[in-house]
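1. sequence unknown, structure follows:
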């Protein structure tokens, strides 16, 4: 049972946005089946955000993988060509968002 009878009353709204830049990423299993690939893509998203943070407006940012990378084009789940392709795509997206 949940009771809020003794809860502190606060005047600050719960939906107040935080200061600065906040980043979230969604990498679905259906697009990146191996955890190695999902973790590499999350690292690439964070690195791209760090490279472009100066040009972005402060706020909440979300990056979502919408399409899978073709497995036949990349030899392993964490290959250098896959890293390069992901990094280049993220740089294009963040540069477009910064303009």
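-> Alright, I've got the coordinates. Since this is a predicted model, take the numbers as computed values, not measurements.

2. roughly how far apart are residue 98 and residue 47?
-> Separation of residue 98 from residue 47 (Cβ to Cβ, to the nearest Å): 15 Å. All C-beta atoms are positioned from the backbone trio N, CA, C, and that covers glycine.

3. Also residue 28?
-> Remark: distance between residue 28 and residue 47 (Cβ to Cβ) = 20 Å.

4. thinking again about what came up before, more neighbours: residue 98 and residue 47, which one.
-> More crowded of residue 98 and residue 47, by other Cβ atoms under 10 Å: residue 47, with 15 against 12.

5. In three-state terms, label that one for me.
-> Assigned by DSSP: H, G, I helix; E, B strand; the rest coil, the conformation of residue 47 is helix.

6. which residues does it contact?
-> Residues in contact with residue 47 (Cβ atoms under 8 Å, 6 or more residues apart in numbering) are residue 87.

7. gap between the helix or strand encompassing residue 92 and the chain center?
-> Here residue 92, judged by DSSP states H and E, is contained in helix 80-98. Its chain's average C-alpha position is 12 Å from that of helix 80-98, according to Cα atoms, centre = their mean, to the nearest Å.
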